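Colleague: Here's my sequence, what's the structure:
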Amino acid sequence: MDYLYAVMLFAVSSSVTPGPNNIMLMSSGLNFGVKRSLPLLTGICVGFAVMLLLVGFGFSQLFELFPQLHLIIKCTGVLYLLYLAYLIAKSAGELSANQQAAPFSFMKGALFQWVNGKAWVVATGAIAAFTTVDSHFLSQNLLIASTFLLVSFPCVGLWLAFGSVLQTVLNSPTRRKYFNFSMAGLLVVSVLPVMAELLQL
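Modeller: Sure thing, here's the model as predicted:
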């Protein structure tokens, strides 16, 4: 039981803290509302659980065999996050649903995990910390992925709900513009450590 509590605590703390997923969801909640953003929320939660399973089942060993693959994914992730920041900033000030692009889909939310630096850190950290190399590895891996799947919906969903609540506060084009620029800026800041690491290679 202590093991399960430890996994749950790690899942809650890593899911609810700021990161690219949560920033993207908060922005989506503001611009599109909760209902239209639910596919994105589901994609993020399911996509990360699948990522955990694949990392646990040895996907990370590919990086040991092909280190350049990890570099490619990092570079792709940086470019994609910067592109998302651009899209968020571009939507600044738009209030009418007819003027806005559609929110990100389930598939985009799921695939986004593979270029999300925080997701990689959390996934590899969870597998390294909470699994043992013995006959229980499979059940431990399934438990970790299941726990994250269940915990991430309410934890990450808080950011979506918060963004939706802000619709009533940020009810003018000017306020919404500043908010979206701020979210785009935070997304760029979240990429800076990865960019610094890449520049040192």
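Colleague: Next SSE downstream of the lowest-mean-pLDDT helix or strand in the chain?
Modeller: Sorting the helices and strands of the chain by mean pLDDT, DSSP states H and E puts helix 61-65 at the bottom, at a mean of 71. Per DSSP states H and E, the first helix or strand lying C-terminal to helix 61-65 is helix 67-90.
Colleague: Give the other helices and strands that that next one contacts.
Modeller: Under the contact criterion of 3 or more C-beta pairs under 8 Å, 6 or more residues apart in numbering; DSSP states H and E, helix 67-90 touches helix 20-54, helix 61-65, helix 117-130, helix 173-199. C-betas here are computed from N, CA, C, even on glycine.
Colleague: So which of the ones you listed is nearest Ser14?
Modeller: Among the helices and strands packed on helix 67-90, the nearest to Ser14 by C-beta to C-beta is helix 117-130 (4.6 Å).
Colleague: Distance from the chain centre to that closest one, please.
Modeller: In terms of C-alpha atoms, centre = their mean, to the nearest Å, the gap separating the centre of helix 117-130 from the centre of its chain is 13 Å.
Colleague: Could you give me the buried positions within stretch 136-152?
Modeller: By 16 or more other C-beta atoms under 10 Å, the buried positions in stretch 136-152 come out as 140-141, 143-145, 147-149, 151-152.
Colleague: my guess is Leu186 contacts Pro20, does it?
Modeller: No: proximity of Leu186 to Pro20 does not meet the contact threshold set by C-beta atoms under 8 Å, at 9.2 Å.
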